[in-house]
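Chemist: Kindly generate the corresponding structure for this input.
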Amino acid sequence: MSSPQSEQQLATFLSGVLSQRGPSALPYAEDIKWLIRQHLVALISSYPSLEPKTATFTHNDGRAVNLLQIDGTVPMPFQGVTYNIPVVIWLMDVYPRHAPCVYVNPTRDMIIKRPHPFVDPSGLVVNVPYLKEWVFPSSNLVDLARHLSQHFAQDPPLYSSPRPRNPTPNPNPNPTSHLSPTSGYSSGSYARPVIPPTRQYPPSPYGSGSFSRVQTDDPTEVYRRNAINKLVEMVHGDIAGLRKAREAEMDGLFNAQVALRQRSEQLGRGLKEMLDEKEGLEQQLQMVLMNSDVLEGWLRENEGKSKDGGVDVDDAFECVDALSKQMLECTASDLAIEDVVYSLDKAVQDGAIPFDQYLRTVRLLSREQFFHRATAAKVRAVQMQSQVANMAARLTHYVAS
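Modeler: Numbering: from 1, shown residues only. Predicted coordinates:
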């Protein structure tokens, strides 16, 4: 188990444990480790009573895995007094896509209230709406701690253990050595939550104690101690500078990773578009090849006729089937009516025909032109279906050959 020794080393600690490789690496996804780091930094900034560390979590099936753990207390306002509820928050390997696992961690002089709407007898926090409605990526640890404080304030989960009727005299005359909000109530009233004992931290290695004493030391010893303190301060400053440089370097690497991932997605989309375009061009090439075969066949059949000079203009193109002949007749009639209407427009402008006769003639011609165009549209649709079937047959022939 490892944990940061001070708030200044929090970022370095998180960067170190999240960047580990090999058997000791944490089982979190690489693309969300930076988000986990931000969640923990924000949580410790808002709740300094909590402390991150790494510990071994054992599943119900016996599997043991190294995970991030948050140990400490969460403030709980109750009847105008703020109490500290000891909790342990486990960041499972699926965090932050799924909610963490939260336990209430009572001390020796505390018991868990039974039954409790939010805490089961084992200390597991259940039925908290924020945990059940956890949504990635908007949910975070700061909001979780705030919701725990609010729900615990509704019904405190921990209470002080009942005291014996004949307590042993306290050898410590200091009246503030044991704090308990239950001292002003009789055994018949409900018990109020207790304040857990303050966590004891090791003394500072830099000699900055809260008191001093008068002593006489050897000048050589004083000089040596001062030199050591100076060296420690210099090393501490160098470590802080290296930490800032490594954090900036990690930020740059994470940003480069995001940019590379975006470029990879763009290249993938571009490659897919190029493959689709290649497939479309290959289909167009097949159509051009098939049309070229048709034109070359027609040229071979009519090459001798052009040399003899006896080719009639009207007979230069023959209709291959009844649909083509009908299409040719409808198109010719449509264009002929168009020319007649144009001539009638000129005649009525010159006063060659009366206006009422012009209207009657144009109306009859327009009706006839409409029928020709409708027939041509139907013939074109049938020809298109036939051409598609013919192309499919030719394509099968080319693929087989």
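Chemist: So residue 115, which state does it fall into?
Modeler: coil (DSSP: H, G, I helix; E, B strand; the rest coil).
Chemist: Quick check: phi and psi on it?
Modeler: When quoted as degrees, to the nearest 10, the phi and psi of residue 115 stand at phi -80, psi 160.
Chemist: Count the residues that sit near it.
Modeler: When neighbours are counted by other Cβ atoms under 10 Å, residue 115 registers 8. Quick note: C-beta positions are derived from backbone N, CA and C, even for glycine.
Chemist: wait, what's in contact with it?
Modeler: With contact set as Cβ atoms under 8 Å, 6 or more residues apart in numbering, residue 115 has no partners.
Chemist: ok, it to residue 157 distance?
Modeler: Per Cβ to Cβ, to the nearest Å, residue 115 is found 11 Å from residue 157.
Chemist: now do residue 24
Modeler: From residue 24 across to residue 157, the span is 34 Å (Cβ to Cβ).
Chemist: okay, the two: which has more neighbours?
Modeler: Using other Cβ under 10 Å as the criterion, residue 24 and residue 157 rank with residue 157 on top: 25 against 10.
Chemist: Now do the same contact list for the more buried one.
Modeler: When contacts are counted by Cβ under 8 Å, 6+ apart, residue 157 touches 85, 104, 112, 113, 116, 118, 119.
Chemist: for it, phi and psi?
Modeler: Recorded main-chain torsions at residue 157 are phi -80, psi -20, according to degrees, to the nearest 10.
Chemist: and if you look at residue 321?
Modeler: According to degrees, to the nearest 10, residue 321 has phi -150, psi 180.
Chemist: give me the number of residues near it?
Modeler: 10.
Chemist: now do residue 28
Modeler: Per other Cβ under 10 Å, the neighbour tally for residue 28 reads 20.
Chemist: again with residue 381
Modeler: 10.
Chemist: Distance of it relative to residue 98?
Modeler: For residue 381, the distance to residue 98 - Cβ to Cβ - is 58 Å.
Chemist: Next, the residue nearest the centre of the chain: phi, psi?
Modeler: The residue lying closest to the centre of the chain (Cα atoms, centre = their mean) is residue 137, at 7.3 Å. Main-chain dihedrals, residue 137, degrees, to the nearest 10: phi -100, psi 10.
Chemist: likewise residue 75?
Modeler: Per-residue torsions, residue 75: phi -70, psi 140 (degrees, to the nearest 10).
Chemist: Which elements pack onto the helix or strand hosting residue 269?
Modeler: For residue 269, the host element (DSSP states H and E) is helix 219-308. When contacts are defined as 3 or more Cβ pairs under 8 Å, 6 or more residues apart in numbering; DSSP states H and E, helix 219-308 packs onto helix 10-18, helix 355-400.
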